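K.L.:
Got a predicted structure plus its sequence, pasted below:
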Amino acid sequence: MLTLIGDPVKAGSGETVLDQGTIDLVRRAVEAAGHATGTVTALHDGVAVDIAAEGEAAAVGDAAEAALAGAGLPVDAAAQPDGPTRRRRLLVSDMDSTMITCECIDELADFAGVKAEVSAVTERAMRGELDFAEALTARVATLAGLADGVLARAFGERVRLMPGARTLVATMRSQGARAVLVSGGFTYFTARVAALCGFDDHRANVLEIEDGRLTGRVIPPILGADAKVEALDHYAGLWAGGLGGALAVGDGANDLPMIVQAGLGVAYHAKPRVAAAAPVRINHGDLTALLYLQGYARDEFLVAD
């Protein structure tokens, strides 16, 4: 099944996102690559469609993506085997720049007056250019001495949910799926974001606090890429009948190992290295794109955003 997904915000403002001409362009490209196409099913008029296609999923998806990119169209394309397991039983998601619009450590660094320096390290770490644990340790060290009240300020003033976050979690859970937030950030924030979105559980790093102030240290062990994979394995076995029943999503290099191991792995507005290696890329849509990927139609959404 080949799914085409546009930006629902643009569609809501009256801009044409996914029209018949775009659908026909993609079908011609896929067929020219040697893959027959069949029934087209609208998931959300002007925003998302399913197109039945024959052939190996990666090849079908590559042909569609190439056609859309060549035409400069802001539409995502992803192909995957169709069938009863398409709707996943588990969502495992990164938090920073995935479920929320910011990087929490960068916002904390702003209160310490070192946001520019810390943000530059964050960007390099998320691109996979630095060792995650070493980069996290160095960045947290810049927060030493901050009053712990800054955590509440950062959450209240800076943290905003990504468009579609609540709808994604609520809709999947309404169909019996479970959801887990797994972050290389901090439990102070994951606990609150998990509660806002309705996640079943969360895992993250723990900031050390003494006498009401951040010490500039993380209580070990540091949760990085390996720990995200361990969480995926654990919860997939617990709730999804194995990795095939799990959907994993993230944007940074520390998310890539879990993305490639999940039954459906999605790079969401991700860093170039992650987008290039991930089975599925969402570069234009919001988080409701993950519902369309699973075959949900817009009228099945449990709207919570």
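P.N.:
Cool, the structure landed. Residues are numbered from 1 along each chain as shown.
K.L.:
Can you name the element that comes right after the helix or strand of the chain with the lowest mean pLDDT?
P.N.:
Every helix and strand of the chain was ranked by mean pLDDT, DSSP states H and E. The lowest is helix 8-12, at a mean of 77. The C-terminal neighbour of helix 8-12 among helices and strands, as given by DSSP states H and E, is helix 20-32.
K.L.:
tell me what that following helix is packed against?
P.N.:
Under the contact criterion of 3 or more C-beta pairs under 8 Å, 6 or more residues apart in numbering; DSSP states H and E, helix 20-32 touches strand 2-5, strand 37-44, strand 48-53, helix 57-70. All C-beta spots, glycine's among them, are computed from the backbone N, C-alpha and C.
K.L.:
switch to 6 Å and redo it
P.N.:
strand 37-44, helix 57-70 (3 or more C-beta pairs under 6 Å, 6 or more residues apart in numbering; DSSP states H and E).
K.L.:
Give the pairing partners of the shortest one; include direction for each.
P.N.:
In other words, strand 37-44. Strand 37-44 sits in its sheet next to strand 48-53 (antiparallel), going by DSSP bridges.
K.L.:
ok, back up a step: would you format the helices and strands packed on helix 20-32 as TSV with distance to Gly244 included?
P.N.:
Formatted as TSV, the helices and strands packed on helix 20-32 follow (distance: least, C-beta to C-beta, whole Å):
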stretch	distance to Gly244
strand 37-44	22
helix 57-70	14
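K.L.:
looking at those, which is buried most?
P.N.:
Sort these by mean neighbour count, taking mean count of other C-beta atoms under 10 Å, and helix 57-70 sits at the top with a mean of 18.
K.L.:
Phi first, then psi, for the residue located most distally from the centre of the chain.
P.N.:
Computed with C-alpha atoms, centre = their mean, the residue of the chain farthest from its C-alpha average is Asp211, at 36.0 Å. For Asp211, the backbone dihedrals (degrees, to the nearest 10) come out as phi 50, psi 40.
K.L.:
still on that earlier bit, quick check: buried residues in the least confident helix or strand of the chain?
P.N.:
8, 10-11 (16 or more other C-beta atoms under 10 Å).
K.L.:
From Gly252, how far off is Met162?
P.N.:
14 Å (C-beta to C-beta, to the nearest Å).
K.L.:
Looking at the two, which has the bigger crowd around it?
P.N.:
Each of Met162 and Gly252 has its neighbours counted (other C-beta atoms under 10 Å); Gly252 has more, 25 against 22.
K.L.:
in terms of contact, does that one touch Met126 like I think?
P.N.:
Yes: if you go by C-beta atoms under 6 Å, Gly252 and Met126 touch, sitting 3.6 Å apart.
K.L.:
Mutual contacts of the two, please.
P.N.:
Here Gly252 and Met126 have Lys271 as joint contacts, going by C-beta atoms under 6 Å, 6 or more residues apart in numbering.
K.L.:
follow-up on the earlier one: what does the least confident helix or strand of the chain rub up against?
P.N.:
Outside helix 8-12, the residues that reach it (C-beta under 6 Å, 6+ apart) are 17, 46-47.
K.L.:
Same list, these, but as JSON lines with distance to Ala267, neighbour count and pLDDT please.
P.N.:
Listed next are the contacts of helix 8-12 as JSON lines, based on distance: C-beta to C-beta, whole Å; neighbours: other C-beta atoms under 10 Å; pLDDT from 0 to 100:
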{"residue": "Val17", "distance to Ala267": "20", "neighbour count": "24", "pLDDT": "79"}
{"residue": "Gly46", "distance to Ala267": "24", "neighbour count": "17", "pLDDT": "93"}
{"residue": "Val47", "distance to Ala267": "20", "neighbour count": "24", "pLDDT": "95"}
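K.L.:
can you put these in a markdown table and add distance to Phe199?
P.N.:
Listed next are the contacts of helix 8-12 as a markdown table, based on distance: C-beta to C-beta, whole Å:
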| residue | distance to Phe199 |
| --- | --- |
| Val17 | 29 |
| Gly46 | 30 |
| Val47 | 25 |
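K.L.:
Out of those residues, which comes closest to Ala78?
P.N.:
Val47 (14.4 Å; C-beta to C-beta).
K.L.:
That closest one reaches Asp7, doesn't it?
P.N.:
No: taking C-beta under 6 Å as the definition, Val47 is not a contact partner of Asp7, at 7.8 Å.
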